[in-house]
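> all I have is the shape, not the residue letters:
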C-alpha cells in the first residue's frame, strides 16, 4: 500500500545519509520533499502541516545536527513522528479488539457500500473464533442490497461461523435485538452486526446505524474503510465518528496499490485507532495494525516481526521438523524443495512478503531483474510435480528426453527445467554442508535465519 511513499522517502533519506554534516537548510530542504511526498500520497493537508512542524521542531536541534550520524538521527525522528501519527505513541489507545463486558458483547460493523464490510465481518469473526477461542455469531442487518444476507451466510459457511437466519421483512433494529436475544439464550460470547452500507453518507443511514447502536450497545463500533478511496475515506470516517461514535477503523485492500494517505490521515483526523488491515481476499488475510511496524515498512525498514508471525501461522511445524531432520542427515530431495515452494506460497504473495524485509525496495528491483514473482514459484513447483516420484527422489535419472517431457508437462521450457535443477543442486550441496555442521550449522544456514540471509531461491 505504501510502495510509492516508501520509494519517495527512501530517495530523500538517501541524500541525507550520504552527507556527513547537515545544516538547518539541508533539513528544511529534505522536509519540503517529505511534505510533497506525503501530499502526493493523499495525506490530508492539515495532517501534513502538523507532521512537518513537529518533525522540524525535533530535527533541527543541536544534538541532532551535531551527532555522529545526523542523517540517521533525522530518519529516527521521522519514524517516531510517523508512529505517533499512526496512533502508536505513549498515549496510544489499545489496538486489540475490545471484548470486555458481560457476554454476549456486540461489535458493530459500519461503512460505505463496496468497502468490503461483509467480508471483513467474516474475517473478524473467524479471527475471534480461532485466536481468542470465542463462540461467535454473525448477523446481517443489510436488508437493502440484494443478496447481502445470503453473502454473509455463504461467508459464514466458509469461515465455520454461525449466522443468524434471515426473516423476510424484518427491519435492522429488530434483527439486532433478535441477534442479541439468540446470543444470550445460546451462550455466544460475541455478536458481529453487519450493518447496511450506502453509496454515500446520508441521514437515513446514520439514523439507522445509531438506532442499532442504541439497541445492541456495542463494545466496539468499527468503521470498515477501503484504502483505495483516498481523501474521501477521511471525510467518511469523520462523519461516522461524529454521528455514530467510532472506537476503531479496519482498513481493507491494504495489499493494493493505494497511496496510503487515507491510513495516515484517518487516525490523525478521528483520533480512533486503526485496529486491523485486510491484506488479501482470503478469510485469514487480516493483520493487526501495529503503528511501529507500519512506520518501519513506510521507511523501508521492513517488518521482520510480522514476517515471523506470518511464518508461524502458515508453516506446518511437523513438516518443518521432518525437513530439519532430513537436512541434518544431508538428505534433501526435489520433493522437499516442492514442499518449500508450497509453504512459501501459503505465506502470501511475493510482493507482500518482500515488503516485510528491510531494504525491500532494493530486493524488489532484484526480483524484477531476475523475473522472480509468484508465477515463477508456481512454475517451479509445476516442474517438480511433472516428474515421476522416482525422478524426484533421484534427479540423476533426468536425461535430455525426460527433461523435454517434464517441460511439456509443466507448460514451460527445457532451459527453465535446467535452471531449477541447477538451483536444486546448489541447495542440496548447502544442506549436506549444514548436515556435517550439525544443529548449530543448520540454524545458521537455514533460509531467513542466518545473518542477512534470504531463501536460496531468491536472487542474492
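Yep, it's here. As the structure is a computational prediction, the values presented were derived from the model and not from experiment. Residues are numbered from 1 along each chain as shown.
> a helix runs through residue 50, doesn't it?
Yes - under DSSP: H, G, I helix; E, B strand; the rest coil, residue 50 sits within a helix.
> next one: the closest residue to it other than its chain neighbours relative to residue 241, how far apart?
Using C-beta to C-beta, 6 or more residues apart in numbering and skipping the chain neighbours, the partner closest in space to residue 50 is residue 268 (7.4 Å). C-beta coordinates here come from the backbone N, C-alpha and C atoms, glycine included. According to C-beta to C-beta, to the nearest Å, residue 268 and residue 241 sit 12 Å apart.
> repeat that for residue 141.
Residue 141 is 20 Å from residue 241, where distance means C-beta to C-beta.
> one more: residue 212?
Shown here: residue 212 relative to residue 241, a distance of 16 Å by C-beta to C-beta.
> of these two, which one has the most company?
The residue with more neighbours, out of residue 212 and residue 241, is residue 212; 26 against 19, by other C-beta atoms under 10 Å.
> could you point out which element follows the helix or strand that one falls within?
Under the criterion of DSSP states H and E, residue 212 resides in helix 203-216. Using DSSP H and E, the next helix or strand after helix 203-216 towards the C-terminus is strand 220-226.
> mean confidence for that following strand?
The pLDDT scores in strand 220-226 average 89.
> could you list the residues in contact with the helix or strand just after that strand?
Per DSSP H and E, the first helix or strand lying C-terminal to strand 220-226 is helix 231-243. Applying C-beta atoms under 8 Å, 6 or more residues apart in numbering, the external contacts of helix 231-243 come out as 42, 44, 110-112, 201, 206, 209-210, 223, 225-227, 229, 246, 249, 261-262, 265-266, 269-272.
> not counting its neighbours along the chain, what's nearest residue 112?
Take residue 112 and drop its neighbours on the chain: the residue closest to it by C-beta to C-beta, 6+ apart is residue 197, 5.1 Å away.
> just the strands from the stretch 251-400 of the chain, written as ranges.
With DSSP state E, counting those that start in this stretch, the ranges of strands along the stretch 251-400 of the chain come out as 274-278, 286-288.
> winner for burial among the ones you listed?
Among these, ranked by average contacts under mean count of other C-beta atoms under 10 Å, first place goes to strand 274-278 (a mean of 24).
> helices or strands up against that strand?
With contacts defined as 3 or more C-beta pairs under 8 Å, 6 or more residues apart in numbering; DSSP states H and E, strand 274-278 has these neighbours: helix 117-131, strand 248-252, helix 261-270, strand 286-288.
> please state the offset of the last one from the chain centre?
Strand 286-288 has its average C-alpha position 6 Å from the chain's average C-alpha position, going by C-alpha atoms, centre = their mean, to the nearest Å.
> how about the first one?
In this view, helix 117-131 has its centroid 15 Å away from the chain centroid, taken as C-alpha atoms, centre = their mean.
> and the third one, by the same measure?
Its chain's average C-alpha position is 18 Å from that of helix 261-270, according to C-alpha atoms, centre = their mean.
> and the contacts of that helix?
1, 5, 38, 41-44, 46-47, 50, 82, 85-87, 225, 227, 229-231, 233-234, 237-238, 241, 246, 249, 251, 254, 272-274, 294.
> and these, which of them are buried?
Among those, those classed as buried by 16 or more other C-beta atoms under 10 Å are 1, 5, 38, 41-44, 47, 82, 85-87, 225, 227, 229-230, 233-234, 237-238, 241, 246, 249, 251, 254, 272-274, 294.
> confidence score at residue 371?
54.
> how about the strands in the stretch 1-150 of the chain?
Remark: strands assigned in the stretch 1-150 of the chain by DSSP E, counting those that start in this stretch are 105-110, 136-140.
> I'd like those written out as a markdown table, with mean neighbour count added.
Formatted as a markdown table, the strands of the stretch 1-150 of the chain follow (neighbours: other C-beta atoms under 10 Å):
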| stretch | mean neighbour count |
| --- | --- |
| strand 105-110 | 25 |
| strand 136-140 | 26 |
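> in JSON lines: these, plus mean pLDDT and distance to residue 420.
Formatted as JSON lines, the strands of the stretch 1-150 of the chain follow (pLDDT from 0 to 100; distance: least, C-beta to C-beta, whole Å):
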{"stretch": "strand 105-110", "mean pLDDT": "93", "distance to residue 420": "46"}
{"stretch": "strand 136-140", "mean pLDDT": "94", "distance to residue 420": "44"}
